[in-house]
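Student: here's a sequence, model it:
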Amino acid sequence: MITTDKLERALKRLPGFEALLGCERLSAGASRETYRLTVRMGNGSQVMALRRAQHDGRSALGMGPGLDVEAKLFAAATAAGVPGPRVFMMLEPADELGTGIVMEWIDGETLGAKIARAPELEDTRGMLAHQCGEVLARLHKADVKASGLDGILESFDAEHSVRKTHAAYLEFETPQPMIDFTAKWLLANLPKKRPLTLVHSDFRNGNFIVQPGKGIAAVLDWELAHIGDPMRDLGWLVTRSWRFGVPGKPVGGFGEVDDLFAGYQAVSGEKVDRTTVRFWEIFGSFWWAVGCLSMAASYRDGSEASVERPAIGRRSSECQIDCVNMIIPGWARRPEAVERTLSKTELPRSDELLASVRDFLRNEASSELEGRNQFLARVAANSVDIALREIAYGADAAAWETQALHGLITKRGDVPHMRAALCRAIRLGEIELTRPDLHAYLRDSVLAQVMIDQPGYAGAAECLSHH
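Tutor: Below is the predicted model:
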């Protein structure tokens with residue numbers, strides 16, 4: 001948590017600053033922290049935003065620029081016609097607060113689920129997809145040489161993006177056969193090369209501010225920006241994780257692909273390559289499957305002791321089921337729950353204890369808390385639900401996975417070790433990737449995992465629709 005007395009001392013560098021009146025951490029932001037600051041200035045109170053990271057400000061995913069470069073990105077984007085906040089100051093090492101940007105507070109909605117569903121934004125949603133296309137086209141026209149960003153940001157194409165993401169996954173030592181399979185598919189289906197531009201790389205519902213009647217008021221969260229294929233931004237915007245469960249609205253859960261492309265083409269003058277956007281949509285699910293694992297890794301190594309990080313780690317299966325549905329769709333076996341009968345003759349079982357903790361967090365603790373702590377209580381309750389479903393479905397899922405793995409590899413052992421052996425076989429090309437039994441295994445095992453982690457996820461319903 002941030003130390004308010006240190007923050008107040010740092011803010012004294014602002015012209016006209018008198019006092020820090022309030023500092024509230026917002027629930028949004030799994031990788032970096034965002035705070036709403038209320039400060040007293042010479043002309044009265046003012047609300048500002050603080051975007052902060054504990055260390056050098058680089059993404060928790062180990063990619064992208066630090067927050068000092070992000071401030072320059074805001075300026076370059078604004079010069080290109082992309083809406084964004086004014087930057088007031090940067091935190092300095094002497095502040096002992098990590099890396100951070102103090103910037104203009106812009107009112108509006110940032111929560112993706114609300115942008116996709118809130119009644120007060122119903123009329124606004126109709127303009128958003130086209131507007132997103134316009135904003136991205138302007139962003140891709142930004143002059144990286146004039147801003148000096150060409151000498152700061154990484155520059156890489158699609159192949160490097162896939163290999164870099166897969167290399168990051170291997171460091172976590174958490175074998176996931178569908179991630180390895182998707183990496184091989186992506187490398188076999190690379191898009192044609194095109195001129196590289198400034199790429200936001202995280203432009204999605206939840207990373208821009210939306211105002212009723214106006215639409216996008218500011219683009220935020222530049223922590224993954226680089227110089228790359230501009231179609232990556234379009235593919236990321238339609239990636240299924242960011243649709244927030246809204247059916248029939250592939251653009252962020254609020255819009256249509258044709259409107260997005262029309263907006264982009266109107267400003268850029270270039271026709272959108274739909275095949276390439278599809279590649280980047282699949283890459284988006286692949287990338288976020290690895291990104292979720294990185295959140296779990298930061299919890300396991302002790303760098304981020306948050307109840308949120310391991311919960312996000314379990315979201316990897318959602319992205320993997322999306323890859324299944326896009327690459328190898330078909331029938332998958334649904335795991336069966338172990339039947340348990342309550343008995344008064346035995347002590348409360350682990351599932352009963354967990355259910356009591358979940359109910360307390362969700363029904364009592366959450367109602368007594370506010371802001372981020374209320375959000376984290378809900379996250380904790382959801383994590384307990386995952387543990388309960390693992391108790392119910394885990395044995396059946398493991399038995400079926402064991403049987404399937406015995407048909408694919410010669411190595412014997414427990415499921416994690418056999419998974420690791422299959423991953424190695426996929427990476428080394430020792431197993432034919434078109435084998436029907438491999439596809440069946442991937443569909444079954446990933447569906448079983450997502451039914452434990454998040455059975456209400458839209459990708460699970462899509463997979464089950466093949467029944």
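
Student: all helices of the stretch 51-200 of the chain, in order?
Tutor: Ranges of helices in the stretch 51-200 of the chain, per DSSP state H, counting those that start in this stretch, are 67-79, 112-117, 122-140, 158-172, 177-188.

Student: please apply the same query to the stretch 251-400 of the chain.
Tutor: 257-268, 274-300, 308-313, 316-327, 350-359, 366-368, 371-406.

Student: before we move on, back to that, which one of the helices of the stretch 51-200 of the chain lies closest to Lys214?
Tutor: Lys214 sits nearest to helix 122-140 of all the helices of the stretch 51-200 of the chain, at 7.4 Å, using Cβ to Cβ. Bear in mind the C-beta positions are built from the backbone N, C-alpha and C, glycine included.

Student: just how off-centre is that closest one within its chain?
Tutor: On the basis of Cα atoms, centre = their mean, to the nearest Å, helix 122-140 sits 20 Å off its chain's mean C-alpha point.

Student: how many other residues sit next to Arg412?
Tutor: The number of residues packed near Arg412 is 11, by other Cβ atoms under 10 Å.

Student: could you find the closest non-adjacent residue to Asp351?
Tutor: Counting by Cβ to Cβ, 6 or more residues apart in numbering, Asp351 lies nearest to Ile391, which is 5.0 Å off, once chain neighbours are set aside.

Student: and the one you found, how close does it get to Ala332?
Tutor: Plainly put, Ile391 is 22 Å away from Ala332 if you go by Cβ to Cβ, to the nearest Å.

Student: thinking again about what came up before, any chance of the helices of the stretch 51-200 of the chain in TSV, plus mean neighbour count?
Tutor: Formatted as TSV, those follow (neighbours: other Cβ atoms under 10 Å):
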stretch	mean neighbour count
helix 67-79	19
helix 112-117	19
helix 122-140	21
helix 158-172	18
helix 177-188	21
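
Student: any chance of the ones you listed in JSON lines, plus distance to Leu237 and mean pLDDT?
Tutor: Shown next, in JSON lines, are the helices of the stretch 51-200 of the chain (distance: least, Cβ to Cβ, whole Å; pLDDT from 0 to 100):
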{"stretch": "helix 67-79", "distance to Leu237": "16", "mean pLDDT": "87"}
{"stretch": "helix 112-117", "distance to Leu237": "11", "mean pLDDT": "96"}
{"stretch": "helix 122-140", "distance to Leu237": "6", "mean pLDDT": "97"}
{"stretch": "helix 158-172", "distance to Leu237": "16", "mean pLDDT": "96"}
{"stretch": "helix 177-188", "distance to Leu237": "18", "mean pLDDT": "98"}
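
Student: how about the contacts made by the residue lying farthest from the centre of the chain?
Tutor: Distance from the C-alpha centroid of the chain peaks at Thr345, with 45.8 Å (Cα atoms, centre = their mean). Shown in contact with Thr345 (Cβ atoms under 8 Å, 6 or more residues apart in numbering): no residues.

Student: the helices of the stretch 51-200 of the chain: which one's closest to Leu260?
Tutor: Proximity to Leu260, assessed across the helices of the stretch 51-200 of the chain by Cβ to Cβ, is greatest for helix 122-140 (4.5 Å).

Student: next, the angle from that closest one to helix 257-268.
Tutor: Angle, helix 122-140 to helix 257-268, by axes from the mean of the first three to the mean of the last three Cα atoms, to 10 degrees: 40 degrees.

Student: what ranges do the strands span in the stretch 1-150 of the chain?
Tutor: 17-25, 33-41, 44-53, 87-90, 99-104 (DSSP state E, counting those that start in this stretch).

Student: Serialize those to JSON lines and add fields for distance to Pro177, mean pLDDT and mean neighbour count.
Tutor: Formatted as JSON lines, those follow (distance: least, Cβ to Cβ, whole Å; pLDDT from 0 to 100; neighbours: other Cβ atoms under 10 Å):
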{"stretch": "strand 17-25", "distance to Pro177": "38", "mean pLDDT": "94", "mean neighbour count": "15"}
{"stretch": "strand 33-41", "distance to Pro177": "34", "mean pLDDT": "93", "mean neighbour count": "18"}
{"stretch": "strand 44-53", "distance to Pro177": "33", "mean pLDDT": "91", "mean neighbour count": "18"}
{"stretch": "strand 87-90", "distance to Pro177": "43", "mean pLDDT": "92", "mean neighbour count": "18"}
{"stretch": "strand 99-104", "distance to Pro177": "37", "mean pLDDT": "92", "mean neighbour count": "22"}
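
Student: switch those strands over to CSV; also include distance to Met231.
Tutor: Below are these laid out as CSV (distance: least, Cβ to Cβ, whole Å):
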stretch, distance to Met231
strand 17-25, 35
strand 33-41, 29
strand 44-53, 27
strand 87-90, 29
strand 99-104, 29
